[in-house]
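Peer 1: Can you look at this prediction? I've put the sequence above it.
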Amino acid sequence: MTGKERLRVLAEHLKTVPDRDFSMGQWWCGTAGCAVGHAAICPALEGEGLSLVVSPYNAHAFRPLWNGMDGWCAVQAFFDLSEEDAVYLFAPDSYHVDSEDDITTEDVIARINRYLERE
């Protein structure tokens, strides 16, 4: 799959994620995950080699891993994104909301779709 195809798969997958299981606060905290955390547990994207590993900085948090890279490097490479585009799509601060908890799956899906339309 290309990076764009992977983004489309992620957008479709996020439509199935209940609000209680979504939080842009961390990659994955065990009860609620961000968009990238959900990408790593989406069967189609997991099949492409994306996974989560325990963070070396916090035993209760996880980081994305792909092709020997982790964190933002893995996200950029997996979805074939520039650093700027990865931040635009997946960094909570780029959403300009009062709280990371205010970001919904619909917000992320809309942003992914806008990105794909301009590419």
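Peer 2: It's in.

Peer 1: low pLDDT regions in the chain?
Peer 2: Applying pLDDT under 70 to the chain picks out residues 26-32, 60.

Peer 1: Pick out the residue nearest the middle of the chain.
Peer 2: Val36 (1.9 Å; C-alpha atoms, centre = their mean).

Peer 1: if I look at Thr16, how far off is Pro92?
Peer 2: Relative to Pro92, Thr16 is positioned 21 Å away (C-beta to C-beta, to the nearest Å). The C-beta positions use only the backbone N, C-alpha and C, and glycine is treated the same way.

Peer 1: Comparing these two, which residue is more hemmed in?
Peer 2: Comparing Thr16 with Pro92 by other C-beta atoms under 10 Å, the one with more neighbours is Pro92, at 19 against 10.

Peer 1: where along the protein do the strands fall?
Peer 2: For the chain, the strands defined by DSSP state E cover 51-54, 62-66, 69-70.

Peer 1: hey, which of these is tucked in deepest?
Peer 2: Greatest average neighbour count among the strands of the chain goes to strand 62-66 (a mean of 21), per mean count of other C-beta atoms under 10 Å.

Peer 1: Pull up the pairing partners for that strand, direction included.
Peer 2: When pairs are called by DSSP bridges, strand 62-66 turns out to pair with strand 51-54 (antiparallel), strand 69-70 (antiparallel).

Peer 1: Indicate which one of these is closest to Phe79.
Peer 2: strand 69-70 (12.0 Å; C-beta to C-beta).

Peer 1: give me every residue that touches Met69.
Peer 2: Going by C-beta atoms under 8 Å, 6 or more residues apart in numbering, Met69 touches Ala77.

Peer 1: what about it, distance to Asp85?
Peer 2: For Met69, the distance to Asp85 - C-beta to C-beta - is 16 Å.
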